[in-house]
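Engineer: Predicted model follows, preceded by the sequence.
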Amino acid sequence: MSALDTIIKFFQDSGMFIYVSLAIMSVGLAISIERFIVLRRARNENRQLWDNMLPLLQAGKLDRLQSAVASSEVAIGKIISYGLERLKTPHRREDVDAAMEEGMMEIVPRLEKRTHYIATFANVVTLVGLLGTIIGLIKAFTAVAGVDAGEKAELLAASISIAMNNTAFALMVAIPFLLIHAFLQARATEIIDSLEAAKISFLNLTQRMGSAESARRAAE
């Protein structure tokens, strides 16, 4: 029997609940792939845009920086644009920080979006597998109730083996899902931390420029 035939027979012998587990696995896998692509793109775009913005910020070219982030859909660009808008009005450091924090509140949910479903699916698929096993065992004991004593042991062993397929498949899905969830959470946290670091760098550099400008005016 080929590997494909073995897999097909595995599903055919496991009852209807194995297909519920398979559907959960398909949805969870689709979300995992989508989140991985989104987070990878966000990480690369943020890094590239920050590398382009930092020289302008260090040189005090805020007008050019404003132009660079005005129409940007990248997370770091949106946060910096919030800060630049607040710099145009009388402000304290706390005011600029609050404005940029508003941008963070808009962006962070996008980074964490749907990731929690993966952990939920891991728990649900485990319970579905257990339910499939219990239903299979009930059917097994019901089936052997009316057969000869000599056939009971063989029939019961085969039925229990089939019932256990549900739990085995559920665990094969749940364990990778938990690992994927942890990975995606760590990746999202890494991006959020990098945004926080960029925000602090922006605040420090603009405050330093403001202090230098005030000192220059005082000297005049």
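Structural biologist: Perfect, thanks for sending it.
Engineer: Could you state which residue of the chain sits nearest its centroid?
Structural biologist: By CA atoms, centre = their mean, the chain has its centre lying nearest to residue 115, at 3.5 Å.
Engineer: Which residues are in contact with that one?
Structural biologist: 31, 35, 181, 184, 185, 188 (CB atoms under 8 Å, 6 or more residues apart in numbering). Every residue, glycine included, has its C-beta placed from N, CA and C.
Engineer: Emit the PyMOL select command for whichever of the residues you listed are buried.
Structural biologist: Filtering these down to the buried ones (16 or more other CB atoms under 10 Å) takes a single PyMOL command:
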select buried, resi 31+35+181+184+185+188
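Engineer: in this structure, what spans have low per-residue confidence?
Structural biologist: Across the chain, the ranges flagged by pLDDT under 70 are 1, 12-13, 145-150, 158, 210-220.
Engineer: Would you map the strands across it?
Structural biologist: Assigned by DSSP state E, the strands in the chain number zero.
Engineer: tell me how far the longest helix anywhere in the chain is from the chain's mean position?
Structural biologist: The single longest helix within the chain, with elements called by DSSP state H, is helix 149-219. Put simply, helix 149-219 sits 5 Å off its chain's centre (CA atoms, centre = their mean, to the nearest Å).
Engineer: and it, what does it pack onto?
Structural biologist: helix 17-58, helix 75-87, helix 93-112, helix 115-143 (3 or more CB pairs under 8 Å, 6 or more residues apart in numbering; DSSP states H and E).
Engineer: Return the most buried member of those helices.
Structural biologist: Stretch with highest mean neighbour count among the helices and strands packed on helix 149-219: helix 75-87 (a mean of 21; mean count of other CB atoms under 10 Å).
Engineer: ok and it relative to helix 17-58, angle-wise?
Structural biologist: Here the directions of helix 75-87 and helix 17-58 differ by 50 degrees (axes from the mean of the first three to the mean of the last three CA atoms, to 10 degrees).
Engineer: For helix 75-87, what is the distance to the chain centroid?
Structural biologist: 25 Å.
Engineer: do stretch 96-107 as well
Structural biologist: 21 Å.
Engineer: same deal with stretch 115-133?
Structural biologist: Distance, stretch centre to chain centre, for stretch 115-133: 17 Å (CA atoms, centre = their mean).
Engineer: and what of stretch 99-114?
Structural biologist: Stretch 99-114 sits 14 Å away from the centroid of its parent chain (CA atoms, centre = their mean).
Engineer: Contacts for that stretch, please.
Structural biologist: Stretch 99-114 is contacted by residues 31, 34-35, 38-39, 42, 75, 78-83, 85-86, 185, 188, 191-192, 195-196, 199, 202-203 when judged by CB under 8 Å, 6+ apart.
Engineer: need the contact list for the closest residue to residue 47 other than its chain neighbours.
Structural biologist: In space, and not counting its chain neighbours, residue 47 is closest to residue 194: 7.7 Å by CB to CB, 6 or more residues apart in numbering. Under the criterion of CB under 8 Å, 6+ apart, the contact list for residue 194 reads 43, 46, 47, 76.
Engineer: I'd like the distance from the residue nearest to the centre of the chain to residue 38, if you could.
Structural biologist: Per CB to CB, to the nearest Å, residue 115 is found 10 Å from residue 38.
Engineer: and if you look at residue 132?
Structural biologist: For residue 132, the distance to residue 38 - CB to CB - is 33 Å.
Engineer: same check, this time on residue 61
Structural biologist: Between residue 61 and residue 38 the computed distance is 31 Å (CB to CB).
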